[in-house]
Structure formats: C-alpha cells, structure tokens
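K.L.:
Sequence and predicted model, in that order:
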Amino acid sequence: MNTERLIDIVMMDMTMEKMKIEDDIESTINNNNISIEEKTMKMKTLIHRLSTTENSIATFSNMLNNNNTKEKEN
C-alpha cells in the first residue's frame with residue numbers, strides 16, 4: 001500500500017469518526033427519554049471526544065503540510 005493511500009484512509013477514518021460524534025450529539029439533544037443530568041453528562045463526553053478528534057485531524061493535516069513543504073524544498 002502506498003503512502004498516499006494510507007494517508008487518505010487515515011483522514012477518511014478520522015472524518016467519519018467526527019461525523020459519528022456529531023450525529024451522537026444531535027441524537028442526544030433530541031432525546032427526550034433521558035434526564036437533563038444524563039443529557040448534560042453525555043454532551044460533555046461527546047464534546048470532549050469531538051474536540052479530541054478535531055485536534056487530531058488538525059495535527060495530522062499540519063504534519064502532512066509540513067512534510068510536503070520539506071519535500072518541495074528538497
């Protein structure tokens with residue numbers, strides 16, 4: 001498997017994870033069968049996961065951009 005394909009797979013996986021978390025957040029907001037306390041705790045957890053995933057995507061993208069810049073300089 002070439003490097004570009006692996007990078008695409010990793011980015012796609014992280015993006016899919018972000019979309020799943022966003023869907024879970026929406027479902028939690030719209031769920032009227034759980035208490036506000038449960039909803040609040042679940043939302044905090046989901047927002048933390050979303051933040052972590054978004055930071056991972058940004059870090060990975062920056063690493064790729066830095067690597068591409070170095071390759072172009074050489």
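P.N.:
Done, it's in. This structure is a prediction, so every number in the text was calculated from the model and none was measured.

K.L.:
So for the helix or strand harbouring Glu37, mean pLDDT?
P.N.:
Glu37 belongs to helix 36-73 when assigned by DSSP states H and E. Here helix 36-73 scores 90 as its mean pLDDT.

K.L.:
Show me what it is packed against.
P.N.:
Secondary-structure packing of helix 36-73 (3 or more Cβ pairs under 8 Å, 6 or more residues apart in numbering; DSSP states H and E): helix 3-30. The way it works is simple: take the backbone N, C-alpha and C, and place the C-beta from them, glycine included.

K.L.:
tell me which strands and helices the helix it packs on is in contact with?
P.N.:
So helix 3-30, by 3+ Cβ pairs under 8 Å, 6+ apart, packs with helix 36-73.

K.L.:
starting at the chain centroid, how far to the helix it packs on?
P.N.:
From the chain centre to the centre of helix 36-73 is a distance of 5 Å (Cα atoms, centre = their mean, to the nearest Å).

K.L.:
How about stretch 19-32?
P.N.:
That offset, for stretch 19-32, works out to 15 Å (Cα atoms, centre = their mean).

K.L.:
Same check on stretch 34-50?
P.N.:
So, by Cα atoms, centre = their mean, the centroid of stretch 34-50 is 17 Å from its chain's centroid.

K.L.:
That'll do, ta.
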